[in-house]
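A.B. asks: Here is a sequence together with a model predicted from it:
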Amino acid sequence: MMLTNRTKQWIATLGLLLLLLLPGQAAFAQAVHLRVGLYQNPPLSFSDDDGVPQGLVVDILRAVAQEEGWELEFVPCEWTQCLEMLASGQIDLMGAIAYTEARTERFDFNSEAYFVNWGTVYTRSGTTIQSLLELDGLTIAAVNEDVYTLGLQDLLTRLGIESEFITAQDYAQAFAMVQSGAVDAGVVSRLYGVLHEADYQLEQSPIIYSPTTLRYAATKGGHLAILATIDSYLGRWKSEPNSPYNLALNKWLESHALVWNLPWWLPWAFGGLLAWVGLLFGAVAILRARVRAQTASLSESEQKFRSVVRECTDGIALTDEQGRMIEWNASMAAVTGIEAAEVLGQPIWELQHRLIPAGQRTPEGLQKLKEVLLNAIRTGDLPRSGEIMEREYDHPDGSHRHIQGSIFPIKTARGFMLGSLSRDISAQKHAQETIKAYSEKLEEMVADRTQELRLAQEQIIIQERLAALGQVAAGVAHELRNPLSVISNAVYYLRSIQPDADAKVKEYIEIIEHEDWAADKIVTDLLDYSHLPQPDPEPLPVAEIIQQALDKATLPDQVSLSTQIPARLPEVHADPRMVTQALGNLILNACQAMPAGGALSIEAEKRAGKVAIAITDTGEGIPAANIPRLFEPLYTTRARGIGMGLPIARKLVEANGGRIEVRSKPGKGSTFTVILPVSKEKK
Amino acid sequence: MDKPFRVLIVDDDVNMMRTLADILAASGYIAETTSSALDGLGKLEANPFHCVVTDIRMQGMNGVEFQQVIKDKYGPIPVILITAYADHDLIVRGREQGALAFLEKPLNIPLLLSILRAIAT
């Protein structure tokens, strides 16, 4: 059969109308079936030993259901499970639930309360908890999402009291946990508490709070009519003595002297409690404000402290009151080469011991260090506390460092911490050592320079003395040589006219002649030293000049002479008069060194391109201390002579490009060696 | 010596002058003495001399200046300069002017006599 489109549209519309109408007709036609959540909260709601639903809530609801023809299906569940099922619509209704504003967002409640309840805190017998404040730090067994659990938690939070809540499945388990000692206290409704406190030998504390009304709750938006019906019955039944409501109250609660009405004192108690809580809230608010301010101040102080520690160029370390490292800034890591991660939590004595050079560490040292530092933590008494000490340190990078540091106790509320400051002073040390080295070098240089200046000054003094000597000598020479010359003339004349004079006269004439010569020698020496003429050098055979010198000298009889002059010795380049005089002075000096007689030896040799003429005596020798002064003018250790012989000899030799060396052994004799340049031309 | 060899001795030290004159006289020389160059010039003017022995350092005209005057006025009379101590410059100047010898006091008498002997012969 073919239907037209219009026909199809009509049939569809009719079908839709039937579908919309049929459920409404069924609702009116069927009895109301309600699934009611039942959790264990005797005497309000529970399943008895046979699994039969019992309790105040059950009886009241059964009475209403009977009047209204409702079918009730009791669904056993745990408290939190019941709440979940009610919220999700798995059950329709639930009794024994306290009314709160918060819960109205999840559930619908009826208006008439059937019971007033409040929270109480129970403890084991003998435990005396008198106020909320005493719950601080205690463990409390409580049922999750229970209104009294939430109420107590809210109160404690507001008062800043920290308690640990241990979850109990229901009030019975909460009481069992308190009884067993697993927790310090338990939270239950006052109804459950009064009915069961004896079973668990528990005591109700004076802490009561969160007064609530017990009502019926339904799935949100689903059963407003049902709740309104329950209200209408409850409103009426409360005023009728034999109503199912009052019968149920008598049945379940009368025996325990519990009435649904508030006792006369309860509002006052709650009022007082609220006022007290209000006061506490005020006090807590003020305290919190202060704490916030203090916390902010502490936080700022902490931040400043952190910044200072972080940025400080000195190493900073801190321990806690047990001596474990809690602070180790970057500078400390740089100074020691040990990172903070390695040391935090470590005992300070182990670290301090680690900073000692490896070779000096001993178990006894560690033990001693530990004892000292532990004592400091306990008593605040630390030897050399805060004193800046220096020590050497083998840095992990292989370098050897100098570290300056101090360690000191810091008083805290719980005892003593230890603080330590460290600074790497290696560069400073190095600079100090460098400065010290420079300073020593400078002192050395100053000493050397001072010595040079002293010698120069002595030379100047000598030069001045010589200049003065020269002037005096020149003046004296003229005045003295004339009479000396007259004496020598007279001696010559007397000797020439009296060749046959007697021996005594001749002897005395010789004495006069010798003394005249000695006096003239003094004048000549002074003149020679102060007015040395320019040398007129020429090639000279060494043997010849030695012989000339010997000819001029008069050797004492008790002095023997030996000479050793190689035949093929090169000629020297010198002024003959000056060299002869120099050698003569040295020969005379040698003879004077041997007043009791001795051996005079004169040896010549070629030495390093020069000629050395050594004049050796076997006299008393010269003490080493006197040798440097030998060539000073007017220096003499002898009774006779003015000490000009050696200075003139040296001056004459040096003027000819040579030098004189002296070697002497006291008691053995001396050697004066004249070293002269060799002539380059043939004579 | 065929004829007397005349030596003029000039020295401001009287004893020097006298002893030297005695020595020369003992050796056969005719020695005249004077204590200043000016007097010496007077002696030279009055009598001829074969040789002059003069001190260098004297009051007034010194020996080297005296030598120069003799050379200028009397020609080549040998002059022997004697001195106790003379400036180097004066000695050099005397040598350049042709002094025969330069002798330091105390005098080496044998040397002086040998020089005079050499002049005289």
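C.D. replies: Perfect, thanks for sending it. Since the structure is predicted, the reported quantities are computational estimates derived from the model, not experimental observations. Numbering: from 1, shown residues only, chains lettered A, B, ... in the order given.

A.B. asks: got a list of contacts for stretch B:4-18?
C.D. replies: A:482-483, A:485-486, A:489, B:20-21, B:24, B:28-37, B:39-40, B:43-44, B:47-55, B:58-59, B:63, B:66, B:82, B:105, B:116, B:119-120 (CB atoms under 8 Å, 6 or more residues apart in numbering or on different chains). For every residue, glycine as well, the C-beta is placed using N, CA and C.

A.B. asks: distance between that stretch and the chain's centre?
C.D. replies: Centroid separation for stretch B:4-18 versus its chain: 7 Å, with CA atoms, centre = their mean, to the nearest Å.

A.B. asks: if I look at residue A:98, how far off is residue A:365?
C.D. replies: Distance of residue A:98 to residue A:365, computed by CB to CB, to the nearest Å: 70 Å.

A.B. asks: go on, residue A:447?
C.D. replies: 45 Å.

A.B. asks: what secondary structure does the most centrally placed residue in chain B sit in?
C.D. replies: The residue lying closest to the centre of chain B (CA atoms, centre = their mean) is residue B:53, at 1.1 Å. Three-state assignment for residue B:53 (DSSP: H, G, I helix; E, B strand; the rest coil): strand.

A.B. asks: Equivalent analysis for residue A:204, please.
C.D. replies: Applying three-state DSSP: residue A:204 is strand.

A.B. asks: sorry, back to before: so the residue nearest to the centre of chain B sits against residue B:83, correct?
C.D. replies: No: in this structure, residue B:53 is not within contact of residue B:83 by CB atoms under 8 Å, at 11.3 Å.

A.B. asks: measure the closest residue in space to residue A:89 that isn't next to it in sequence to residue A:82 for me?
C.D. replies: Residue nearest to residue A:89 in three dimensions, not counting chain neighbours: residue A:219, with 4.7 Å by CB to CB, 6 or more residues apart in numbering or on different chains. Look at residue A:219 and residue A:82: by CB to CB, they are 12 Å apart.

A.B. asks: cool, and residue A:422?
C.D. replies: Residue A:422 is 66 Å from residue A:82, by CB to CB.

A.B. asks: So for the two, which sits in the more crowded spot?
C.D. replies: Neighbour totals were compared for residue A:422 and residue A:82, and residue A:82 leads with 25 against 22 (other CB atoms under 10 Å in any protein chain shown).

A.B. asks: so the helix or strand bottoming out on mean pLDDT in chain B versus strand B:51-55, what angle?
C.D. replies: Lowest mean confidence among the helices and strands of chain B (mean pLDDT, DSSP states H and E): helix B:88-96, at a mean of 89. On the basis of axes from the mean of the first three to the mean of the last three CA atoms, to 10 degrees, helix B:88-96 is oriented at 180 degrees to strand B:51-55.

A.B. asks: following helix B:88-96, which helix or strand shows up next?
C.D. replies: The helix or strand immediately downstream of helix B:88-96 is strand B:101-104, counting by DSSP states H and E.

A.B. asks: contacts for that next one?
C.D. replies: Strand B:101-104 is touched from outside by A:481, B:80-85, B:91, B:94-95, B:111-112, B:115, with contacts defined as CB under 8 Å, 6+ apart.

A.B. asks: do that again at 7 Å, thanks
C.D. replies: Applying CB atoms under 7 Å, 6 or more residues apart in numbering or on different chains, the contact partners of strand B:101-104 are B:80-83, B:91, B:94-95, B:111-112, B:115.

A.B. asks: Repeat that for stretch A:343-350.
C.D. replies: The contact list for stretch A:343-350, computed with CB under 7 Å, 6+ apart, reads A:319, A:323-326, A:328, A:351, A:366, A:369-370, A:373, A:418.

A.B. asks: swap in stretch A:494-514?
C.D. replies: Applying CB under 7 Å, 6+ apart, the external contacts of stretch A:494-514 come out as A:487-488, A:491, B:26.

A.B. asks: more crowded one of residue A:98 and residue A:365?
C.D. replies: Each of residue A:98 and residue A:365 has its neighbours counted (other CB under 10 Å); residue A:98 has more, 25 against 14.

A.B. asks: partner residues bridging the more buried one?
C.D. replies: In this structure, residue A:98 bridges to residue A:214 when assessed by DSSP bridges.

A.B. asks: try residue A:600
C.D. replies: So, taking DSSP bridges as the rule, residue A:600 has residue A:561 as bridge partners.

A.B. asks: following the longest helix anywhere in chain A, which helix or strand comes up?
C.D. replies: The residue-count maximum for a helix in chain A (DSSP state H) belongs to helix A:426-497. Using DSSP H and E, the helix or strand that follows helix A:426-497 in sequence is helix A:503-530.

A.B. asks: buried set for that following helix?
C.D. replies: Going by neighbour count (16 or more other CB atoms under 10 Å in any protein chain shown), the buried part of helix A:503-530 is A:509, A:513, A:516, A:519-520, A:522-530.

A.B. asks: Kindly report the same for stretch B:89-99.
C.D. replies: Neighbour-count burial for stretch B:89-99 [16+ other CB under 10 Å]: B:90-91, B:93-94, B:97, B:99.

A.B. asks: Also stretch A:365-381?
C.D. replies: Buried residues in stretch A:365-381 (16+ other CB under 10 Å): A:366, A:369-370, A:373, A:376-377, A:380.

A.B. asks: Ok, stretch A:81-89 next?
C.D. replies: A:82-86.

A.B. asks: What are the contacting residues of it?
C.D. replies: Residues from elsewhere that reach stretch A:81-89 (CB under 7 Å, 6+ apart): A:37, A:39, A:77, A:91, A:94, A:106-107, A:145, A:217, A:219, A:222.

A.B. asks: residues touching the residue nearest to the centre of chain B, list them.
C.D. replies: Residue B:53 makes contact with B:7, B:9, B:80, B:82 under the criterion CB under 7 Å, 6+ apart.

A.B. asks: I'd like the list of those that fall within strands, please.
C.D. replies: In strands, judged by DSSP state E, the following of the contacts of residue B:53 are found: B:7, B:9, B:80, B:82.

A.B. asks: and of these, the nearest to residue A:432?
C.D. replies: Distance ranking of the ones in strands among the contacts of residue B:53 against residue A:432, using CB to CB, places residue B:82 first at 76.7 Å.

A.B. asks: The closest one: what's it in contact with?
C.D. replies: Residue B:82 is in contact with B:53, B:55, B:103, B:105, B:107, counting by CB under 7 Å, 6+ apart.

A.B. asks: Apart from its chain neighbours, what residue comes closest to the last one?
C.D. replies: Going back to what we said before, that points to residue B:107. Closest to residue B:107 by CB to CB, 6+ apart is residue A:485, at 5.6 Å.

A.B. asks: again, but for the fourth one
C.D. replies: With CB to CB, 6+ apart as the criterion, residue B:105 has its nearest non-adjacent residue at 3.6 Å, and that residue is residue A:485.

A.B. asks: just checking, that neighbour touches residue B:109?
C.D. replies: No: assessed by CB atoms under 7 Å, residue A:485 is found out of contact with residue B:109, at 9.7 Å.
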